[in-house]
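Trainee: Predicted structure and sequence below. I'll ask about it afterward.
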There are 4 protein chains.
Amino acid sequence: MLHFDSDYMEGMHPRILEAFVGSNMEQTTGYGLDEYCVMAREAVRKACDAPEAEVHFLVGGTQTNATVIRALLRPHEGVLAAATGHIAVHESGAIEAGGHKVITLPHSCGKITATQVDEYMTWFYADESFEHMAFPGMVYISLPTEYGTLYSLREIEALAEVCRKWKLKLFADGARLGYALASEECDVTLADLARLCDVFYIGGTKCGAMFGEAVVMRKGLVPHFFTIIKQQGALLAKGRMLGIQFLTLFTNNLYLDIAHHAVELALRIKRAFVEKGYELYFDSPTNQVFVALNAEQESRLRAVTTFTEWERLADGRLVVRLATSWATSDENVEALIAKL
Amino acid sequence: MLHFDSDYMEGMHPRILEAFVGSNMEQTTGYGLDEYCVMAREAVRKACDAPEAEVHFLVGGTQTNATVIRALLRPHEGVLAAATGHIAVHESGAIEAGGHKVITLPHSCGKITATQVDEYMTWFYADESFEHMAFPGMVYISLPTEYGTLYSLREIEALAEVCRKWKLKLFADGARLGYALASEECDVTLADLARLCDVFYIGGTKCGAMFGEAVVMRKGLVPHFFTIIKQQGALLAKGRMLGIQFLTLFTNNLYLDIAHHAVELALRIKRAFVEKGYELYFDSPTNQVFVALNAEQESRLRAVTTFTEWERLADGRLVVRLATSWATSDENVEALIAKL
Amino acid sequence: MLHFDSDYMEGMHPRILEAFVGSNMEQTTGYGLDEYCVMAREAVRKACDAPEAEVHFLVGGTQTNATVIRALLRPHEGVLAAATGHIAVHESGAIEAGGHKVITLPHSCGKITATQVDEYMTWFYADESFEHMAFPGMVYISLPTEYGTLYSLREIEALAEVCRKWKLKLFADGARLGYALASEECDVTLADLARLCDVFYIGGTKCGAMFGEAVVMRKGLVPHFFTIIKQQGALLAKGRMLGIQFLTLFTNNLYLDIAHHAVELALRIKRAFVEKGYELYFDSPTNQVFVALNAEQESRLRAVTTFTEWERLADGRLVVRLATSWATSDENVEALIAKL
Amino acid sequence: MLHFDSDYMEGMHPRILEAFVGSNMEQTTGYGLDEYCVMAREAVRKACDAPEAEVHFLVGGTQTNATVIRALLRPHEGVLAAATGHIAVHESGAIEAGGHKVITLPHSCGKITATQVDEYMTWFYADESFEHMAFPGMVYISLPTEYGTLYSLREIEALAEVCRKWKLKLFADGARLGYALASEECDVTLADLARLCDVFYIGGTKCGAMFGEAVVMRKGLVPHFFTIIKQQGALLAKGRMLGIQFLTLFTNNLYLDIAHHAVELALRIKRAFVEKGYELYFDSPTNQVFVALNAEQESRLRAVTTFTEWERLADGRLVVRLATSWATSDENVEALIAKL
């Protein structure tokens, strides 16, 4: 049986494991104040062409979303997001537990547009009683989205502009950022994100690390963010483990190499599905493949691999997601394709 | 200029004012432990035919919604509500500030159905990752709704049944409850609500009181609710002011008399609008009248009365709301109608 | 039986009741946007000699403390207070429910000093791991304190200076402020508070109003405080009731007249206790009298009046508090004194 | 230069690293539902002689404290703790950020007693206005304490009994639990804790793991704790990393072996300090050594090792802490002792 359930089924990229082995007996101070973290921050800043940016390492995605949003918003503010946004659906109410409303906008393949934000804000301030509503204080986007789709540079620039216009913060959830950056269809770079977003993060957990997310934020955006991280329970005692991982990922281009590998294999799988007459549900150019299976296809696929069930459609078809990662082998991809 | 903006534009019903005058120099203990509160609680219980129910007096509606929901839900739970529900739109994120997600369902004239709840719950538990989502823990309805519409007894019974099935609490926001009870189209009684809901409240502020909401809850539902009220900043020091008001409202049927008066005048206004060719936007049988005005109608109405602007439609028409109350006079209603 | 339990046992000062009666049938807009509130804000600003100050009317004390503190502090901050401060003891954890730690300092008769704050801050930043602790973001004082004691102008100036030094907000809880201002021993004025504090409030509930607290804050201190008030459930729908009360209290010096009356009678009671050999527990110059009763005194006092039990001392004596108000009559004071 | 700053300066115990290496390419499901976690839970249950207990793996200590406390307490409740408790001092207000007051009791060498709890509860309910205070809902203890001291079995039994009496939950923070269990002076076992506490945790981060805390709780204590963990941002995507670590720690007695090693070396250091005339500040029988250094001693120690500065005493002496771990070598201990 093959396993294409997700991109976090294996441990960690071998080079990270080597780095753990090599550094294991070294003694360092805790909480991210060690030399590995210093170097990793510098490597991330360099990759983002953002020498002034603040870089903070947290452990997981929901944790990062909750910590960033709570740190940035004032009490009366909420966060605008696609109705399909991870913070709106699959974080168990973590944003609300931090006191803030997730204000959802209809999505188009997981995306929202600058126009939607502009219209919402226009509508908001036109309402006689807008002071009785949660104020939008931030726009949250995911790159890639939960449906594996991408924002173009132009779309993000437009969002950044509309955010400036309405004094909203722009926050990009990059839990799978590598797979966007590595996609041929993506014209957005880390430097673009650092320039256009107030804050975004570079996902490690789903892109080859054992765990870890690297938050990149405008300098001075959140005084004492360290203490807010601690308060949120998101400060790793042996913080160097995060530094070691991101230093490894941002040495010799490993982060993008991992992502390119996974995207290439995913595209191969996607093409095979299409050639064999399966119907794509979303046409993702990243490491995720979404297929709508009829009964026959479903039983055939179940016989060869595990996957994530996305949704059962009204017509009985099952939407499933297959994902590749740094650890996916050519052999397994070929084995899968052979049985489609 | 006439004023039909809302049902809380005047002070309080004269009998309440008299009761304040008559009792002003009496000395009582604070925080709702006085004799007026004791008697008022008993009067409310009697009106609800619920001798065992707990009755608590709070000051305002948003406060009551936030306090009740925070007291009843566990950390991982959210509350199901119509997308138009007051808690979802016009409480400045108060429910989320208390840590809980408002999970919205599409509304039909402000209402949600038992079927919708059942389908949501079925969908929820069918999702592979339901444990990563906020659990629905309560259903919130408004009676009348924000659009002045009513739930029938059968509809509430069905909601109560689906709540039992899925172990959800049922909570009815009765900020304008009197105007529902007083409507000819309403077949729901206070006793029905006490029997079917885990908790509901009888609005005072918008039904003749100076302020105040009477929460009626199943006995033992929330241990130490008093302390939660205090923590929420919702405990009135001179609590007897609440007792005096609700005792007055629930003596000699005043609460319903107030509501009948307002509803009757509102129906007269509604009929006049229809007769003169205006288009109703919602057909509310309560004290609120919703009309969609074209440009000519809008300028004519603006010349004679103030009102609440509800929404500017895409076709340029303006939806407005007119409301009556205990204080609305026949003269003013006639003066309005004459100028339509 | 006499009743000296507290200063909120009666309804409201007759002039407020008259103002309610006189204005009852007027129609105004809600939420504090009416003319009474406009005039009351202006009257408060004038009394504070602070033409630029923002004035907001809330309903009760715990509510006001919770709303102000939540609005002013950032997530990683807590509030420094005397261990006896109302927010630390008798608000059911309302400040913590809003997410913030109350950091307590030892008190001296209910007071804390600038030196204590300075030492705490010095200690805080000297700690290697201060970034792992809640940052003090505000100093909270009560005037008068929970023990009826007063800060001198020099003491408050010193606190304001130390707050500037360490970038802390200074917040004065004035739930009983009138009784401080009216005390002969007090050299602090409303203008001093407006000048020295970032925010303070003028208590109405315990100083003759039916309810209400007037928050005075530096202009621009909290953007969108209105929405935070709403979110906290602290926005009164019929907001004019607050305006009417504070306009009445700040017309013709009523607020201070009320307080002078109460303080004068309390001093008379205090002197009588002392003359008859009772022992004061705190020597309050305000409307509160604190006496430590031996068994014989306790039973004598219980026979003539009710009071608030403060604390049972280890030696068996009972500390009790008697309070006077606008409603306390000479007759009742004489009747009490005659039986001591 | 030697480094005795803390017990989390190195990576992880070699056997854990080996287990990571050995399992790295395996594919498992996420979020702790994998076979390693299943086996690790079983191993923990067995070590605790608690076949029914629920075992959950979280990442860090502050996170675990915040998650457990928020999951167990109702809104009106706070947690009783020593004034020196980690949750009271060094978690950046994480418990309050979750909405709950930490109610501190004076400590004796970091400990609180059943008598103190009993007296607090007696005082609490004797107060006329206890319903206006945060209700104690839980007792929090640390084992070992922040000062390296131990509770005896009799002391914990007494605490458990007083908790039953007053319906309080008993929660033991075991961030360094191994070092207590391994101490000769400790008569408490894991089985005792499982029997006496409602919930406790077995610290991994400071006892040889890379990260991780194993929460052991009474079955059924917190429905849907999984979702609360997720909401708190404490759910590790690659959850098996926690399972692998705890399975390794609880195989062949590794957890206790690690702790015995560290404690033995710490005792050797402690004896050396005493023999050479240094003064212990706390006499800890665990892996931590607390010494009060005069100026001469301070400069001598600074020349040979780094350490944690605990507190500068009024007389100028510096209290420092040295800690040992699984990674501390005999050589380094001898090198340290030689230079004292």
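Mentor: Done, it's in.
Trainee: Tell me which stretches of chain A form strands.
Mentor: Ranges of strands in chain A, per DSSP state E, are A:2-3, A:54-58, A:77-82, A:102-105, A:135-142, A:169-173, A:199-203, A:213-217, A:279-282, A:288-293, A:305-306, A:308-312, A:318-323.
Trainee: which residues touch the fourth one?
Mentor: In this case it means strand A:102-105. Under the criterion C-beta atoms under 8 Å, 6 or more residues apart in numbering or on different chains, residues A:78-83, A:85, A:87-88, A:95-96, A:112, A:116-117, A:120, A:134, A:136, A:140, B:101 lie in contact with strand A:102-105. (C-beta placed from N, C-alpha, C; glycine too.)
Trainee: again with the third one
Mentor: Identification of contacts with strand A:77-82 by C-beta under 8 Å, 6+ apart yields A:69, A:73, A:87-88, A:95, A:100-107, A:110-112, A:117, A:120, A:134-142, A:145, A:168, A:171, B:93, B:96.
Trainee: what's around the residue of the stretch 1-150 of chain A found nearest chain D, how many residues?
Mentor: Chain D sits closest to A:Q63 of the stretch 1-150 of chain A, with a gap of 3.0 Å, by C-beta to the nearest C-beta. For A:Q63, the neighbour count with other C-beta atoms under 10 Å in any protein chain shown is 25.
Trainee: what does the one 3 residues further on give?
Mentor: Counted with other C-beta under 10 Å, residues neighbouring A:A66 total 27.
Trainee: Contact partners for the residue lying closest to it once chain neighbours are set aside?
Mentor: Excluding its sequence neighbours, the residue lying closest to A:A66 (C-beta to C-beta, 6 or more residues apart in numbering or on different chains) is A:A94, at 4.4 Å. Contacts for A:A94 (C-beta under 8 Å, 6+ apart) come out as A:62, A:65-66, A:87, D:230-233.
Trainee: can we see that at 6 Å?
Mentor: Residues in contact with A:A94 (C-beta atoms under 6 Å, 6 or more residues apart in numbering or on different chains) are A:62, A:66, D:231.
Trainee: tell me which parts of the stretch 101-250 of chain A are close to chain C?
Mentor: When proximity is defined by C-beta under 6 Å from any C-beta of the partner chain, the stretch 101-250 of chain A lies next to chain C at A:131-132, A:224, A:226-228, A:230-231.
Trainee: most neighbours, which of these?
Mentor: In terms of neighbours by other C-beta under 10 Å, those top out with A:Q231 at 30 neighbours.
Trainee: domains in chain A, as residue ranges please.
Mentor: Chain A resolves into domains spanning A:2-8+A:255-339, A:14-252 when parsed by automatic domain parsing.
Trainee: Centre of the chain to the longest one, how far?
Mentor: To tie it back to what came earlier, the one meant is domain A:14-252. 8 Å (C-alpha atoms, centre = their mean, to the nearest Å).
Trainee: And the average pLDDT for that domain is what?
Mentor: What domain A:14-252 shows for mean pLDDT is 98.
Trainee: now swap in the first one and tell me
Mentor: Domain A:2-8+A:255-339 comes out with an average pLDDT of 97.
Trainee: can you tell me which of the residues of the stretch 101-250 of chain A next to chain C are up against chain D?
Mentor: A:227, A:230-231.
Trainee: Of those residues, just say which sits nearest to chain B.
Mentor: Taking C-beta to the nearest C-beta as the measure, chain B lies nearest A:Q231 of these, at 15.3 Å.
Trainee: quick one, what contacts the spatially closest residue to that closest one that is not a sequence neighbour?
Mentor: Spatial nearest neighbour of A:Q231, chain neighbours left out: D:S92 (3.9 Å); criterion: C-beta to C-beta, 6+ apart. By C-beta under 6 Å, 6+ apart, the residues touching D:S92 are A:227, A:230-231, C:132, C:134.
Trainee: can you put the residues you listed in CSV and add distance to B:R154?
Mentor: Below are the contacts of D:S92 laid out as CSV (distance: C-beta to C-beta, whole Å):
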residue, distance to B:R154
A:T227, 55
A:K230, 54
A:Q231, 49
C:H132, 58
C:A134, 53
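Trainee: So which of these are in helices?
Mentor: Residues of the contacts of D:S92 located in helices (DSSP state H): A:227, A:230-231.
Trainee: mind listing what the residue nearest to A:F57 when sequence neighbours are not counted touches?
Mentor: Closest residue to A:F57 apart from its sequence neighbours, by C-beta to C-beta, 6+ apart: A:L242 at 3.6 Å. The contact partners of A:L242, by C-beta under 6 Å, 6+ apart, come to A:57, A:212, A:236.
Trainee: got a winner among those residues for most neighbours?
Mentor: A:F57 (30 neighbours).
Trainee: Make a PyMOL selection of the buried ones in the contacts of strand A:77-82.
Mentor: In PyMOL syntax, the buried subset of the contacts of strand A:77-82 is picked out as below (16 or more other C-beta atoms under 10 Å in any protein chain shown):
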select buried, (chain A and resi 69+73+87+88+95+100+101+102+103+104+105+107+110+111+112+117+120+134+135+136+137+138+139+140+141+142+145+168+171) or (chain B and resi 93+96)
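Trainee: Write out the residues of chain A neighbouring chain D.
Mentor: A:3, A:8-11, A:17, A:24-25, A:27, A:30, A:59, A:62-63, A:66, A:92-94, A:97, A:205, A:227, A:230-231, A:233, A:237-238.
Trainee: quick one: A:T251 and chain D, what's the gap?
Mentor: Relative to chain D, A:T251 is positioned 19 Å away (C-beta to the nearest C-beta, to the nearest Å).
Trainee: Look up how far A:Y36 lies from the closest residue to that residue other than its chain neighbours.
Mentor: In space, and not counting its chain neighbours, A:T251 is closest to A:A43: 6.7 Å by C-beta to C-beta, 6+ apart. A:A43 sits 10 Å away from A:Y36, going by C-beta to C-beta, to the nearest Å.
Trainee: Mutual contacts of these two, please.
Mentor: With contacts defined as C-beta under 6 Å, 6+ apart, the residues shared by A:A43 and A:Y36 are A:L247.
Trainee: OK, contacts around the residue of the stretch 201-340 of chain A found nearest chain C?
Mentor: Per C-beta to the nearest C-beta, A:T227 is where the stretch 201-340 of chain A lies closest to chain C, at 4.1 Å. By C-beta under 6 Å, 6+ apart, the residues touching A:T227 are C:76, C:131, D:92.
Trainee: 8 Å instead, please
Mentor: Shown in contact with A:T227 (C-beta under 8 Å, 6+ apart): C:76, C:131-135, D:92.
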